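Asker: Sequence unavailable; structure follows:
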């Protein structure tokens, strides 16, 4: 229904005569729903625009397990690698999982934290969003035993230069193929029995200059996740951390 011109003019005059507070109250009372909808749309569009403008493509996914790099070392492990491969840090990144903790002897207080870290790592591996792990000896033993780590000797078999650079730093650990741990826990077996193999699935980076002053007295290891879809980049990252010129 069309409002007569005289009535419309009277409404405009009444609105002009209102105080600022009265005008605000009037607008909110009569246009509340459209204003709220407009605000929701504006926030949603702003959020999408921000994500599009600030998104950086992960070149590599790296996890720090039982290791806490400082700002300087952290920069070498991220932007330093991007410089090596010629990636633009404005559009690319090395995505890092930090604050992860694994231990076979976690105290009651740390058990929940270790369990949450294990779940986060498993989820990242299953989603193929984890490539390289920088870890302590305890974490290395656990990840190796669970079969998460790639045999680096086999992975570099076709690249003599890379194998020659990594070879002196390669370390082997146990990979458990099968065991009766469930039966032992349930009391169905008295003795733990496991079938295992040895695998050269990490490099010792304790003395790597890239990690200078990070380890202290603790050994540090770098391993590649077995199901990584970014194998070449992962091996390049290992060589970079070691300081190998390949």
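Answerer: Sure thing, it's come through. Everything numeric here is computed off the predicted structure, so don't read it as measured data.
Asker: Now do the contacts for residue 175.
Answerer: Going by C-beta atoms under 8 Å, 6 or more residues apart in numbering, residue 175 touches 144-145, 147, 149, 196-199, 201. Any C-beta I mention is one placed from the backbone N, CA and C, and that applies to glycine too.
Asker: which of those residues are buried?
Answerer: Buried by 16 or more other C-beta atoms under 10 Å: 144-145, 149, 199, 201, out of the contacts of residue 175.
Asker: Phi and psi next, for the spatially most central residue of the chain.
Answerer: The chain has residue 97 as the residue nearest its centroid, 3.4 Å off, counting by C-alpha atoms, centre = their mean. Note on residue 97: backbone dihedrals following degrees, to the nearest 10 are phi -100, psi 120.
Asker: That one contacts residue 58, doesn't it?
Answerer: No: Residue 97 is not in contact with residue 58 according to C-beta atoms under 8 Å; the separation is 11.4 Å.
Asker: And the strands in the chain?
Answerer: 57-65, 92-100, 132-135, 170-179, 194-204, 221-224 (DSSP state E).
Asker: if we can go back for a sec, closest to residue 91 out of the buried ones among the contacts of residue 175?
Answerer: Nearest to residue 91 among those, counting by C-beta to C-beta, is residue 149 at 30.1 Å.
Asker: roughly how far apart are the residue nearest to residue 74 when sequence neighbours are not counted and residue 173?
Answerer: Excluding the flanking residues, the one nearest residue 74 by C-beta to C-beta, 6 or more residues apart in numbering is residue 96, at 7.5 Å. For residue 96, the distance to residue 173 equals 23 Å [C-beta to C-beta, to the nearest Å].
Asker: What score does residue 231 have for pLDDT?
Answerer: Listed pLDDT for residue 231 reads 95.
Asker: what sits against it?
Answerer: Contacts of residue 231 by C-beta under 8 Å, 6+ apart are 150, 155, 224.
Asker: Let's see that with 10 Å instead.
Answerer: 131, 150, 155, 224-225 (C-beta atoms under 10 Å, 6 or more residues apart in numbering).
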